[in-house]
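K.L.:
With the input below, show me the fold.
(chains A and B)
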Amino acid sequence: MEHEVAALYTSHAPSLLRYASTLAGDSSGGQDAIQEIFLRYFVARTEGQQFDNPKAWLFRVLRNHLLDNLKSSRVKNEVAMEGIDDSSDGQNDPELHYHRIEMVRTISSLLAPRELECVRLRAEGLRYEEIAEILDLRQGTVGATLARAHKKVRRAMDREDDVKDTPIAPAHAMAREENSYSS
Amino acid sequence: MLLAYQDGELTERRARKVSQHLDRCLQCRLELDCLKIEAQHFMAAVAPPLLEAPRLAGGLESLLGKVHKLQAAHREEVQPRIQEHLAFQLKTFFGPRAAALIEDRIAAREDGSGVFSAVEPLFSAFLGQKAADLLASEVVEGLDLSDHPASKPEAVQRPLPVG
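P.N.:
Sure, this is the predicted structure:
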């Protein structure tokens, strides 16, 4: 059982921690939360519980645990920026780092909470089916939500495309540039 | 549709149809290329950099330490908590009489198997597999181990200060 927990930790802790940091805005709190949910996993398995998809279970329990902790707090989407700052490895170009933070701030303001949640989980490599399980949604709803989120961001990119030094414009320009090379 | 196609989330049949369409539609191919690059930048922006390996290794070491402590205290301290949570769920879903019968069954097991191993067949027979899994999961989710000696703050690996 111990080996199973260690293997799961090695495979999923990085993305769980990143997800926790964006959700709770504090990587040290995220570390505590991760330890707690892995202990619960250990207890559940010790008591004979079977899991078809441990990864989805860990994400779902982590999310519920963090949201319970955040209930009394007023911080929600805004805290994602602090999480990014805190979990940065410090080796990035400060300018890129700034642009990324600004871009996330803009994306967070554009998207509805449910859309942002789907996007965050998708960014961690979870499949639509897994996201649906974590957020208690239908798989089709996840696909539609992600497509809607993408459209919103694209519209914002289009609006800001002519304005240089806006948070989204650099990435969009880069995407356009890469696209012109590839096609 | 294209986003789901790009994410590999369409059924085989639908993916084949989209693929056939893409073969003859330049506009959709360009749209797909654009979508790929946008999604890449979009996701990279939303997902901050991963923590460095030493910090994660420290986390694993700390976790395994807690697992050992928990293992030692499992039967005396953790199992009663689980049974308490389970009793609450059983009363809610099955009523007090059925709950008492199931609790007797749990208490009567002699092979040292887990609580869920004992009740899982009953849960899935009465509630269906999915609801049974959810119920078992609820019991564990409601289990707050943060106040257990195994989860004492000094055992937690704190991240290094930034800068």
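
K.L.:
Nearest to chain B within chain A, name that residue for me.
P.N.:
Per Cβ to the nearest Cβ, the residue of chain A with the smallest distance to chain B is residue A:48, at 3.0 Å. Any C-beta I mention is one placed from the backbone N, CA and C, and that applies to glycine too.

K.L.:
quick one: contacts for residue 128?
P.N.:
The chain I'm using is chain A. Listed by Cβ atoms under 8 Å, 6 or more residues apart in numbering or on different chains, the contact partners of residue A:128 are A:139, A:142-143, A:146, B:4, B:7, B:9.

K.L.:
Chain B is the one I meant
P.N.:
Not one residue lies near residue B:128 by Cβ under 8 Å, 6+ apart.

K.L.:
Spatially central residue in chain A, please.
P.N.:
residue A:120 (2.7 Å; Cα atoms, centre = their mean).

K.L.:
Please report how far that one lies from residue A:146.
P.N.:
From residue A:120 across to residue A:146, the span is 11 Å (Cβ to Cβ, to the nearest Å).

K.L.:
cool, and residue B:59?
P.N.:
Distance, residue B:59 to residue A:146, by Cβ to Cβ: 30 Å.

K.L.:
Just the CA trace of stretch B:3-11, in CSV.
P.N.:
Written as CSV, here are the backbone C-alpha positions of stretch B:3-11 (Å, rounded to 0.1, in the frame of the first residue of the first chain):
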residue,chain,number,x,y,z
LEU,B,3,-11.4,21.7,-29.8
ALA,B,4,-12.7,18.3,-28.7
TYR,B,5,-11.1,16.8,-31.8
GLN,B,6,-7.8,18.4,-30.9
ASP,B,7,-8.1,17.2,-27.3
GLY,B,8,-8.7,13.7,-28.6
GLU,B,9,-12.1,13.6,-26.9
LEU,B,10,-14.3,12.6,-29.8
THR,B,11,-15.5,9.1,-30.4
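
K.L.:
got the buried residues for that stretch?
P.N.:
Neighbour-count burial for stretch B:3-11, with 16 or more other Cβ atoms under 10 Å in any protein chain shown as criterion, is recorded at B:3-5, B:7, B:9-10.

K.L.:
Equivalent analysis for stretch B:56-69, please.
P.N.:
Going by neighbour count (16+ other Cβ under 10 Å), the buried part of stretch B:56-69 is B:56, B:58-60, B:62-64, B:66-67, B:69.

K.L.:
hmm, back to that, out of the contacts of residue A:128, which are inside strands?
P.N.:
Nothing among the contacts of residue A:128 maps onto strands, per DSSP state E.

K.L.:
Out of those residues, list just those in helices.
P.N.:
A:139, A:142-143, A:146, B:4 (DSSP state H).

K.L.:
which of those residues sit farthest apart?
P.N.:
The distance between the two most remote of these (Cβ to Cβ) is 11.1 Å, for A:139 and A:146.

K.L.:
quick one, which of those two is more surrounded?
P.N.:
The residue with more neighbours, out of residue A:139 and residue A:146, is residue A:146; 22 against 16, by other Cβ atoms under 10 Å in any protein chain shown.

K.L.:
I am finished for the moment; much appreciated.
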